[in-house]
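> Fold the following and give me the result.
(2 chains)
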Amino acid sequence: MHIRNILAIARKDALDVLLNKTTMTLLITPIVLSILFAVITNLFGSHKTQILVYNPGNSAVVQVVSGAFSDSQVIAASSPADVASAFGPDGSHKSSPYAVGLVIPANFDVALRQGSHPQMSLYINGDDVNIQQRQLLQSAITNYSRVVADPSPPTSIITSTINPPAPTNIGQDLGTLYITTALLVSFMVSISLVGSLLVEEKEKKTLRMLMVSPASFGDVVVGKLLVGLGYQLLLSLVVMVIQGGFIGQVPLVLFFVLCGACFSLSLGLLLGSIFQSASSVGGVAGLVSIIFFIPGILVGPLFQAFQGTIVAQLIRILPSYYLADGIYNALTNKTVFSNALLDTIVVLGCTAILLLASVWTLRRQASVVAAI
Amino acid sequence: METNDLMIEAVNLSRTFGNKKAVIDMSFCVPRGEIFGLLGPNGAGKTTTIRMLTGQIDPTAGHARVAGCDVVKERAMLKRRIGVVFEDQNLYERLSARYNLAFSCWLYGLPKSRVDEALELVHLRDRAKEPIRAFSNGMKQRIMIARALLHRPPVLFLDEPGRGLDPIAAREVRQTIDHLRQEGMTILLTTHLMEEADLLCQRVGFIVNGRLVANDTPRNLKLSHGQRALAVTLDSDGAHNGALQEVTLNMDDPYDQGRLAQWIAQEKVRAIHSCEATLEDVFIEVAGVRPA
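Modelled structure (predicted):
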């Protein structure tokens, strides 16, 4: 293999991909889907978080609490009873327009500085605030107290939660699910892209020209994989930017994106080595992509709904499930080492098997092509 | 002839695909600066021969050297010493002519200036920026020739260069090939078009069912297989009304020789043509089949 030949082939293919309407459509599709998901998330997932506050002493802790939400509105309550009645006792179920309620004593900040332990009442509506957000809110208040009263012990917070949130909440995690799905969709691109790049060389007989040039068959394959990897990573990053996917354990997310790219590239290479026409590759890649895509939808909270059923068993057979699982857990900060290891081993193991199968097919085909 | 003057040397070259013998014991050589034509019907083994000589496939028996390189053992060096124009127009259709050639330059590690030189050679410099799909068949063929010549190989292989071209495009391609011959390039071309071979080649070989059945200059082949006869056009006896009579005379027959002398003396002869065989006639006679 020669680096100059590999780069020459990659350079040619990179331009050819942009001039080819089919591959351009392929590249644009995940971006359009991401924009669509982002719009849906904003339409259904974004509303002002209403915070009902009783704050007679004008404590700055209100700003800290409202700052914990991206889009919040603070509504002043006239008495502690107003706040209590808007939420109700701990563990109750009732409809409330407010996500958070706060009852702050009049001398809250002064009491903090004096080293006493002022008591604050925090009301949480589990329909709007998930467990992670609740923990974030509590630690934000504690941090504020530490800043004001450092190094005195912080305030005591009495928390009441209505409509207790589930450990995972489908509504809350929809955004993360969309990111995972959008990334899985983006991986479909390299399946078709690498497959069609390789098969087009065979179909248009340009491979014969390459075979009498200084390029080897290995140069051709590696050049195409390089182009596929480049476009795939670029596309995945664009999707992550559109979807706000730089959350959770970002390096781990990027690691699984790289694993996903390698997996889909090897799948595309296998298709490109088996088939002889771009239309065949397109058709089969479409079918394979659907199978690839399913775990992207069913990962995380939705998977819990299928737990113990045949659907869950079937999905676990697909290597793309482990990819989706790895990405989802990394995005939601829920990665456990053993899980991440299993996901990595399955995805990279399958990638290695696909690559070996591609090499075997290509070698076998090289002798068949010579015989034509 | 010195061995190192031989740019192509095939010795008992054979290739089988399964049970099918595509090329059988083919031996021939092409000296430097010659255009050698491999002629034969479709499926005769012409393309298989080219593919063996260009290192695309291995011979099952025999050996060959091209531009001083063994086609099996010195394949990497061989690739740099040959140019190949394929039977199929295998260009990157979406890319421009310039980019197609630039791509080959990158593969061979050549300076970019070669692209313009090659485009100039095939008179397509003014169309360099257009995508290949906008080109006619003849223009594509010329771009393929330009691509094969970028690295200035001493030997050029042309597989059916006139295939699918209209007469004007075929003429343009022939002119390009003739120009290369004048510059001293060794060319091996395959064709089933006898007229094309007759116009271009210094020597031709006939391939039938994988075997080389004849190998000589077109002139020698035509002379050795054609009749020694003359076609004489005469004024009709006693009539000067413009009516003409065609007579074929055997040049080896004393009676016919006498008749011709008599007609010339009587000023009855309007025209005389030799009855030279065409290359196609020779092919049919030697091979027993039509060339295409």
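> Now do the helices in the stretch 1-150 of chain A.
A:3-19, A:21-45, A:61-67, A:80-87, A:108-113, A:131-149 (DSSP state H, counting those that start in this stretch).
> Would you single out the least confident of those helices?
Lowest mean pLDDT within these: helix A:131-149, a mean of 77.
> That helix packs against which elements?
In terms of contacts (3 or more CB pairs under 8 Å, 6 or more residues apart in numbering or on different chains; DSSP states H and E), helix A:131-149 is packed against helix A:61-67, helix A:108-113, strand A:119-125, strand A:156-162. Every residue, glycine included, has its C-beta placed from N, CA and C.
> Past the last one, which element shows up next along the chain?
Pointing back at strand A:156-162 there. Sequence-wise, the next helix or strand downstream of strand A:156-162 (DSSP states H and E) is helix A:170-203.
> Flag every buried residue along that following helix.
Judged by neighbour count using 16 or more other CB atoms under 10 Å in any protein chain shown, the buried positions of helix A:170-203 are A:172-203.
> what's the most buried one of the helices and strands packed on helix A:131-149?
Among these, strand A:119-125 has the highest mean neighbour count (mean count of other CB atoms under 10 Å in any protein chain shown), at a mean of 21.
> For it, which strands pair with it and how are they oriented?
strand A:100-103 (antiparallel), strand A:156-162 (parallel) (DSSP bridges).
> Quickly, which of those bottoms out on average pLDDT?
Ranked by mean pLDDT, the strands paired with strand A:119-125 end with strand A:156-162 at the bottom, a mean of 69.
> Now for the residue of the stretch 51-200 of chain B found nearest chain A: which residues touch it?
Proximity to chain A, evaluated over the stretch 51-200 of chain B using CB to the nearest CB, is greatest for B:Trp106 at 3.5 Å. Residues counted as contacts of B:Trp106 (CB atoms under 8 Å, 6 or more residues apart in numbering or on different chains) are A:4, A:7-8, A:11-12.
> As TSV, these with distance to A:Val74 and neighbour count would be great.
Shown next, in TSV, are the contacts of B:Trp106 (distance: CB to CB, whole Å; neighbours: other CB atoms under 10 Å in any protein chain shown):
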residue	distance to A:Val74	neighbour count
A:Arg4	64	14
A:Leu7	58	15
A:Ala8	62	25
A:Arg11	56	17
A:Lys12	59	22
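> low pLDDT regions in the stretch 151-292 of chain B?
Scanning the stretch 151-292 of chain B for pLDDT under 70 picks out the ranges B:237-242, B:289-292.
> Which one of the helices and strands packed on helix A:131-149 lies nearest to A:Gly286?
A:Gly286 sits nearest to strand A:119-125 of all the helices and strands packed on helix A:131-149, at 44.0 Å, using CB to CB.
> Give me the neighbour count for A:Leu15.
When neighbours are counted by other CB atoms under 10 Å in any protein chain shown, A:Leu15 registers 17.
> How is chain B partitioned into domains?
Split into domains by automatic domain parsing, chain B comes to B:3-90+B:141-223, B:227-275.
> Switch these over to a markdown table, and while doing so, append mean neighbour count to every line.
As requested, those are arranged in a markdown table below (neighbours: other CB atoms under 10 Å in any protein chain shown):
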| stretch | mean neighbour count |
| --- | --- |
| domain B:3-90+B:141-223 | 20 |
| domain B:227-275 | 13 |
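> Could I get these in TSV, plus columns for distance to B:Ile132?
What follows is those, written out as TSV (distance: least, CB to CB, whole Å):
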stretch	distance to B:Ile132
domain B:3-90+B:141-223	7
domain B:227-275	45
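> tell me the contacts of the residue in the stretch 101-250 of chain A positioned nearest to chain B?
Nearest residue of the stretch 101-250 of chain A to chain B: A:Lys205, at 4.2 Å (CB to the nearest CB). When contacts are counted by CB under 8 Å, 6+ apart, A:Lys205 is found next to B:86, B:88, B:90.
> Chain A next: which of those are close?
Subset of these in contact with chain A: B:86, B:88, B:90, counting by CB under 8 Å from any CB of the partner chain.
> From these, pick the one nearest B:Gln202.
Distances from B:Gln202 to these, taken by CB to CB, are shortest for B:Phe86, at 23.1 Å.
> measure that closest one to B:Ile50 for me?
Applying CB to CB, to the nearest Å, the value for B:Phe86 to B:Ile50 is 9 Å.
> joint contacts of the two?
B:Asp159.
> Quick check: residues of chain A near chain B?
Residues of chain A lying near chain B by CB under 8 Å from any CB: A:4-5, A:7-9, A:11-12, A:15-16, A:19-20, A:204-206, A:208-215, A:370-371.
> Would you mind checking the residues you listed for buried ones?
A:5, A:8-9, A:11-12, A:15-16, A:20, A:204, A:206, A:208-215.
> Alongside chain A, which residues does the stretch 101-250 of chain B contribute?
Counting by CB under 8 Å from any CB, the stretch 101-250 of chain B sits next to chain A at B:103-104, B:106-109, B:131, B:147.
> before we move on, back to that, A:Asp219: which of the helices of the stretch 1-150 of chain A is closest?
Set against A:Asp219 and scored by CB to CB, the helices of the stretch 1-150 of chain A come closest in helix A:3-19, at 4.0 Å.
> Dump the contacts of B:Trp106 to TSV, plus distance to A:Ser96.
Listed next are the contacts of B:Trp106 as TSV, based on distance: CB to CB, whole Å:
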residue	distance to A:Ser96
A:Arg4	68
A:Leu7	62
A:Ala8	65
A:Arg11	60
A:Lys12	62
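> now, which of these sits nearest A:Thr344?
Nearest member of the contacts of B:Trp106 to A:Thr344, counting by CB to CB, is A:Leu7, at 29.6 Å.
> Spit out the contact partners of that closest one.
A:223, B:106.
> Compute the distance between it and A:Ala86, please.
65 Å.
> can you tell me which residues contact B:Gly210?
B:Gly210 neighbours (CB under 8 Å, 6+ apart): B:21-24, B:26, B:44-45, B:48.
> These in helices, which ones?
Among these, the residues falling in helices (DSSP state H) are B:Thr48.
> okay, among the contacts of B:Gly210, which ones form the most distant pair?
B:Lys21 and B:Ala44 (11.9 Å).
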